[in-house]
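Novice: Turn this into a structure:
(chains A, B, C and D)
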There are 4 protein chains.
Amino acid sequence: MIKAGIIGSTGYAGAELARLLLGHPEAEIVWYGSRSYVGQEYSSIYRNMFRMVDAQCLDDNMEELAKEADVIFTATPQGLCASLVNDGILSETKIVDLSADFRIKDVAVYEKWYGLEHKSPQYIPEAVYGLCEINREDVKKARLVANPGCYTTCSILTLYPLVKEGLVDVSSIIIDAKSGTSGAGRGAKVPNLFCEVNESMKAYGVASHRHTPEIEEQLGYACGQPVLLNFTPHLVPMNRGILATTYANLKTHVTWEEVKAAYDKYYENEFFVRVLPEGVYPETRWVEGSNFVDIGFKIDERTGRIIAIGALDNLVKGAAGQAVQNMNLLFGLKENMGLTQVPMFP
Amino acid sequence: MIKAGIIGSTGYAGAELARLLLGHPEAEIVWYGSRSYVGQEYSSIYRNMFRMVDAQCLDDNMEELAKEADVIFTATPQGLCASLVNDGILSETKIVDLSADFRIKDVAVYEKWYGLEHKSPQYIPEAVYGLCEINREDVKKARLVANPGCYTTCSILTLYPLVKEGLVDVSSIIIDAKSGTSGAGRGAKVPNLFCEVNESMKAYGVASHRHTPEIEEQLGYACGQPVLLNFTPHLVPMNRGILATTYANLKTHVTWEEVKAAYDKYYENEFFVRVLPEGVYPETRWVEGSNFVDIGFKIDERTGRIIAIGALDNLVKGAAGQAVQNMNLLFGLKENMGLTQVPMFP
Amino acid sequence: MIKAGIIGSTGYAGAELARLLLGHPEAEIVWYGSRSYVGQEYSSIYRNMFRMVDAQCLDDNMEELAKEADVIFTATPQGLCASLVNDGILSETKIVDLSADFRIKDVAVYEKWYGLEHKSPQYIPEAVYGLCEINREDVKKARLVANPGCYTTCSILTLYPLVKEGLVDVSSIIIDAKSGTSGAGRGAKVPNLFCEVNESMKAYGVASHRHTPEIEEQLGYACGQPVLLNFTPHLVPMNRGILATTYANLKTHVTWEEVKAAYDKYYENEFFVRVLPEGVYPETRWVEGSNFVDIGFKIDERTGRIIAIGALDNLVKGAAGQAVQNMNLLFGLKENMGLTQVPMFP
Amino acid sequence: MIKAGIIGSTGYAGAELARLLLGHPEAEIVWYGSRSYVGQEYSSIYRNMFRMVDAQCLDDNMEELAKEADVIFTATPQGLCASLVNDGILSETKIVDLSADFRIKDVAVYEKWYGLEHKSPQYIPEAVYGLCEINREDVKKARLVANPGCYTTCSILTLYPLVKEGLVDVSSIIIDAKSGTSGAGRGAKVPNLFCEVNESMKAYGVASHRHTPEIEEQLGYACGQPVLLNFTPHLVPMNRGILATTYANLKTHVTWEEVKAAYDKYYENEFFVRVLPEGVYPETRWVEGSNFVDIGFKIDERTGRIIAIGALDNLVKGAAGQAVQNMNLLFGLKENMGLTQVPMFP
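Specialist: Numbers count the residues shown, from 1 in each chain, chains lettered A, B, ... in the order given. Model (predicted):
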């Protein structure tokens, strides 16, 4: 059994990690970390786990945790993992960091977009960007995995084959993304109150959201040149789900089948990526609670653009599910172990 | 592997059965029955199961299905199961009927409340009311299990120890229940449109809902006398979940601990029934997607009443989950096999 | 033009007052009071009023406000109005208090249920309980109006004719009420976050909610004897709306028409109370945004009970709308002035 | 008083017309037309209007209605208005058609995108496209007004100053729009059921939605050249509201202030168009129930694009409100008469 510790277990992503790990046949949770609820019964905070978890919240002592755990998940605010990690910890355990601290290779870009000084830039080079479908082999060998962001996972997987295969003009990419409200976290803020979110829709972080450079960097690796794009996130009155509607100019005339072949080249054998039939587009309800990413696309002959749409559950493939997928890779387990749930509908 | 067939697999309860059985280690689905979608890919109707189910919808031919299946689930409108079942079928397979056809022992009561002539009254005596926590031993020996209704499961389990132990005046019972909209089914009806349900709440079936006699009959068995009560269901703008707030006059002065002891007498070893600590009350979010029933209660010294509240997921413990629990009993499997998911929140 | 000031204008009830008063032909708002947002543009907090309100938030200085305003609405937490009101203020202006400070005549009851020391018990005797349909004549002569609670308005108006006419056993009354989330206010609290409320339902304040003694006191006046009842509020994932499902034992056999006559006796000429036809029950969507209370009822011959159901918009008839109705009475205006909007659906 | 008739009064747009006209000081409704509910009480279908409307639904006899009404609103499916209108009718009354029949000047484009033969192409030339802010003077003189679509009103008003002033490359326009579910109408269809829409988000009509040519035609008039663009609508789990996020390449370097000046040139004196301060973006909740369009924009220096975002209530400014605005223009009334409601929040 893999002993897993969760730093930040009382946020939504941390609780989703708990949910998934409790159902994982080869893992057990040895540490429910929390800054706000130390000493409280975990199941008194997440009563869905009443009688399923008999543990109290512990503090964020990563040094001590490293001695107990085979893997540590940090589901914490930006900056925390970078400030805690050190050689000792990395020699004793593996880390899957769900924050952005090790996602971006260019530390200046990180510091600019996040407005933070990076406390452990020395670990950035070895950190592996844990988008399993793309960096699988590197993840297997890593000590430190930077678990991708929710919007970024959806956006990159949707666009990757188009960019990698040179089908689209990368200077024309626009990503219009929509997210359920769990992505905003469990902090007590007026804008996230039920009455503020319900029956409304808004854009936020317009031309300034922090997932932008992460998407640009990864797509840049795919096409071998810098990528600048527009990314606009929106808040939707639902709990879970991200839908990314992406637009790009096609470089040449291609058919739906030709583009499908490009997607199949990368995803045909991927368990978690489902490319939909022609004329069918993703809906977040069809992936809820699962680690799937659904992708559909349309070629608009009139404008010469492709509209490619991706959907995932932001707490699963966009956070905790992908983190478990990375754990599976780190420990040589079947990649989809503990992640084969049927999406829950309705 | 138990071969299972689902008649009515394209309704919400049928699809939930599919979701649960696909995750069950000892069962496989051999028949996706449907009246409306014969010949269509099941996963084109429920795209959450895209690439997880490779089967077309078949018709409702129960005779043929009985030859292939070890168990048949009928998730169909009232009257259908009663009209199809016969000796041949019952000699070849077991049936778990999710409709009301075999729930009520008094056929006159059934015919009055449902406005239907019962087509197979001869099977009513042998049918076992599949509320596992109460009728476990009988279920194990049954051929035909009448899977309880969603409201009834929640109401009965909430009230059972109080009634069985004689703590309350059964003539004073009032059940005010609230349900998510999946309980209304997948039929295309104006009152169930998003804009009609969202941002509203209403009572329906006031003093006339069909689950009333089912609750009364079962509670009557518990206390050994006829029970008449008020049951008022309400429609809530959410997908899943039932909350039953029940009221009854206490016969004598009792403490919270004494009542808790009564609950523990029946539920202490029940995996699926979670009686909450004092001062904590059920919320439907804590059971969503799971087979749990959460129960909490309060004694009101001022009025001499007890308020006992239960919550479950109407599609799981209120329908498909309990049906799988019954299947497990029928085939001698661990009762919670395939049903140990952590409730999904948020 | 009546000059109106709002203390607590940045809460939901205060903002609803602003919305209604901005559409009122005989009132203007001279003071947008707020504790948290002093000095900020009101329309930057409530952007629905962008370009409709050109005013900054002022502090809660009731002394100064009293000099400017003909009427002050206090939409503030319990205790504030009682701590600010004094003879000088009451000699200069009229007060409609939307908090509970002056609703309950028995100060001991207030202090027990609210856990607060009452700072101005000397004004309780003269305060008029502003349930206009019942206390209309007294309101007209008042200086200080205690605007009723949201649950209480709905519960009392639903039960009043039954209790007043002696049709029901008052010791048997049970009120099971359900409210949209705006009733919980705009405070930044985790339990009111979108993801915590959405897709769930729960009871709260079981046998302990503060609206209980308010309902009991008023119904006690109606029947001339003390009333003890059960009141259970529930939180529903919708913005607005209260539905109160009430139960009581009928004293004698009565027909639907006889009960309807009792309702008509009190409400036939009431603009805001709509008693529905037989077989029709209230739904909160039909009153949203309006000052209406819809009432429907059913006699259950089987159990000898009546189920009477009421619905209103908690921010309008349950708070700001009723406050404006009281203002209209205080100043001799047409009672429904500014309150004749068609409920907004969907 | 203007006598108004509504054909299609039982759909959501028709009911919203009723709501608005009932509050209009200079109009009265003389005809509640309906195909499905002839002979039924209007207020039994829309119980929000119980005791406010005392009328039965009448059939769609436009000939007869033309004799009684000063203005006819046709809130009907595509094709109906074109099949009913004739010279006699147009000589007796004015028509505001909320369908698409007379919106598109090029009949071939209409017939291609709508898949319908146009039954009255002879009236297309005289029909005025009723986007009041742009075609105000023409509307005043019209007999037949083509009331714009919901998505189109939002999209065009958001982009108009940018296109008209030549600030953007019109070949680069992308419109990613999101709509509440009332836009899908009141038809009983499975995809519009609560459980299908709630907790999900999807794109639909990808590169094929009928509002595309309407937007293109109007923006083409603005810039004097043909426009081809991408328009992708999405369905959001909320009742009302459209948010259009638009993207376009800026032709030259401009500042926020310069673009604001362009917006002000067209909208400074428009009551219903609210251009927001820098850094503030529209949210649908701030316009709900009102005829406002809120617009905000951002210049992305990195990509050389402008992101301009518009929000409106699809049933008001996107349908019934704009129709009333057109009526006001047709009859020489104040343009915002009956349309000055404060948006309702929450």
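Novice: For whichever strand or helix holds A:P233, which strands pair with it and how are they oriented?
Specialist: For A:P233, the host element (DSSP states H and E) is strand A:230-235. Strand A:230-235 sits in its sheet next to strand A:174-179 (parallel), strand A:202-203 (antiparallel), going by DSSP bridges.
Novice: Need the contact partners of the first one.
Specialist: When you say that, I think you mean strand A:174-179. Contacts to strand A:174-179, defined as Cβ atoms under 8 Å, 6 or more residues apart in numbering or on different chains, come from residues A:150-151, A:154-155, A:159, A:215, A:229-236, A:241-248, A:314, D:174, D:176, D:178, D:201, D:232, D:234, D:236, D:245, D:247, D:305. Glycine gets a C-beta too; all of them are placed from N, C-alpha and C.
Novice: now the strands paired with strand A:230-235 as TSV including mean neighbour count and mean pLDDT?
Specialist: Putting these into TSV (neighbours: other Cβ atoms under 10 Å in any protein chain shown; pLDDT from 0 to 100) gives the following:
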stretch	mean neighbour count	mean pLDDT
strand A:174-179	27	98
strand A:202-203	26	98
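Novice: how about those in TSV, adding distance to C:V342?
Specialist: Supplementary listing: the strands paired with strand A:230-235 in TSV, determined by distance: least, Cβ to Cβ, whole Å:
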stretch	distance to C:V342
strand A:174-179	32
strand A:202-203	27
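Novice: between those strands, which one is nearest to B:P191?
Specialist: Closest of the strands paired with strand A:230-235 to B:P191 is strand A:174-179, at 28.3 Å (criterion: Cβ to Cβ).
Novice: what's the distance between the following helix or strand past that closest one and the middle of its chain?
Specialist: Note on strand A:174-179: by DSSP H and E, the next helix or strand toward the C-terminus is helix A:194-197. Here helix A:194-197 is found 25 Å from its chain centre; the criterion is Cα atoms, centre = their mean, to the nearest Å.
Novice: Can you spell out which helices and strands pack onto helix A:194-197?
Specialist: With contacts taken as 3 or more Cβ pairs under 8 Å, 6 or more residues apart in numbering or on different chains; DSSP states H and E, helix A:194-197 sits against helix C:194-197.
Novice: got the buried residues for the helix it packs on?
Specialist: C:194-197 (16 or more other Cβ atoms under 10 Å in any protein chain shown).
Novice: Which member of the residues you listed is positioned nearest A:L98?
Specialist: Compare each of the buried residues of helix C:194-197 with A:L98 using Cβ to Cβ and the shortest gap goes to C:C195, at 17.5 Å.
Novice: one step back: hmm, the helix or strand that the strand holding A:P233 is followed by touching chain C?
Specialist: Where DSSP H and E defines the elements, the next helix or strand beyond strand A:230-235 is strand A:242-249. No. On the criterion Cβ under 8 Å from any Cβ of the partner chain, strand A:242-249 is out of touch with chain C, staying 14.5 Å away.
Novice: What average pLDDT does strand A:242-249 get?
Specialist: Model confidence over strand A:242-249, given as mean pLDDT, is 98.
Novice: partner strands of it, parallel or antiparallel?
Specialist: Assessed with DSSP bridges, strand A:242-249 is paired to strand A:174-179 (antiparallel), strand A:305-312 (antiparallel).
Novice: Only alpha carbons, please: show the last one as PDB.
Specialist: Spelled out, that is strand A:305-312. Output in PDB follows, covering the C-alpha atoms of strand A:305-312 (Å, rounded to 0.1, in the frame of the first residue of the first chain):
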ATOM      1  CA  ARG A 305     -11.200  28.200 -38.400                       C
ATOM      2  CA  ILE A 306     -11.400  25.100 -36.300                       C
ATOM      3  CA  ILE A 307     -13.500  25.200 -33.100                       C
ATOM      4  CA  ALA A 308     -12.200  22.500 -30.800                       C
ATOM      5  CA  ILE A 309     -14.000  22.000 -27.500                       C
ATOM      6  CA  GLY A 310     -12.800  20.200 -24.400                       C
ATOM      7  CA  ALA A 311     -14.600  19.300 -21.200                       C
ATOM      8  CA  LEU A 312     -13.400  17.800 -17.900                       C
END
